[in-house]
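>>> I would like to see how this sequence folds:
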Amino acid sequence: MGITAQTPIPSVTPAALRSTLAGFTTGLSVVAAEVDGRIVGMPANSLVSVSLDPPLVALAFAHTSTTWPMLRRAGSWGISVLGEEQAQVLQYLRRPAEERFRGVEMTIDGGAAFVRHALARITVTPRSDVEAGDHTLVLLEVKRLHRDTTQRPLVFFDSTTHTLSH
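Numbering: from 1, shown residues only. Sure thing, here's the model as predicted:
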């Protein structure tokens, strides 16, 4: 195995951090809830497992998000992990918040909203949050789970979506 020289990045800037972390593959999910009779939510690739006992996950929300203040009012949230057949859902979710879920098939269960036919559905309730730089990190307690093991994930790498090869 040969050694490859790497050019170090001279300073840790937001652009350099984003570029470097684009080399870290993540799953793609949607976090959503019913608030005041309508679905609010957004795509999230910051989903991370925190604890198995008790069951906890976390998400990060930018301070500039206009969806986060609305979402935090909901007592129960749905996290939908997207499968490779759901790439089009991301196109819809790039629209302004008030139009975001138009055309997206959704299911609501106890206030938690889910993308229909998602690879996985996770019902969570907010437990705590902490300011973390330009984001708020939210710790979420997992209440219910479902995974469709016949699906394969849609992933995010190098700032674009991909499917896994078989």
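>>> List the beta-bridge partners for R121.
S80, H146 (DSSP bridges).
>>> now do D109
A112.
>>> Contact partners for the residue positioned nearest the centre of the chain?
Compute the mean C-alpha point of the chain, and by Cα atoms, centre = their mean the closest residue is A44, 2.1 Å away. For A44, the contacting residues are 29-31, 59, 79, by Cβ atoms under 8 Å, 6 or more residues apart in numbering. (C-beta placed from N, C-alpha, C; glycine too.)
>>> what does V35 give?
Per Cβ under 8 Å, 6+ apart, neighbours of V35: 70-71, 73-74.
>>> can we see that at 10 Å?
Applying Cβ atoms under 10 Å, 6 or more residues apart in numbering, we find V35 in contact with 41, 67, 70-75, 111, 113.
>>> So which of these are in strands?
Secondary structure from DSSP state E places 41, 113 of these in strands.
>>> and of the contacts of V35, the nearest to P14?
T67 (21.1 Å; Cβ to Cβ).
>>> give me phi/psi at the closest one?
When read as degrees, to the nearest 10, the backbone of T67 gives phi -80, psi -40.
>>> can you give me the helices for this structure?
14-21, 68-71, 87-93 (DSSP state H).
>>> wait, which of those helices is closest to T136?
In terms of Cβ to Cβ, the element of the helices of the chain nearest to T136 is helix 68-71, at 6.9 Å.
>>> What is the closest one packed up against?
Where contact means 3 or more Cβ pairs under 10 Å, 6 or more residues apart in numbering; DSSP states H and E, helix 68-71 is packed against strand 29-35, strand 38-44, strand 55-62, strand 135-147.
>>> winner for burial among the ones you listed?
Greatest average neighbour count among the helices and strands packed on helix 68-71 goes to strand 29-35 (a mean of 24), per mean count of other Cβ atoms under 10 Å.
>>> how distant is that one from the center of its chain?
10 Å (Cα atoms, centre = their mean, to the nearest Å).
>>> what residues are up against the residue lying closest to Q86 once chain neighbours are set aside?
Nearest residue to Q86, sequence neighbours excluded (Cβ to Cβ, 6 or more residues apart in numbering): L154, at 6.1 Å. By Cβ under 10 Å, 6+ apart, L154 lies in contact with 27-29, 81-87, 89-90, 119, 161-164.
>>> Please, a ChimeraX command that selects the buried ones among these?
Only the buried entries of the contacts of L154 go into this ChimeraX selection, using 16 or more other Cβ atoms under 10 Å:
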select :27,28,29,81,82,83,84,86,89,119
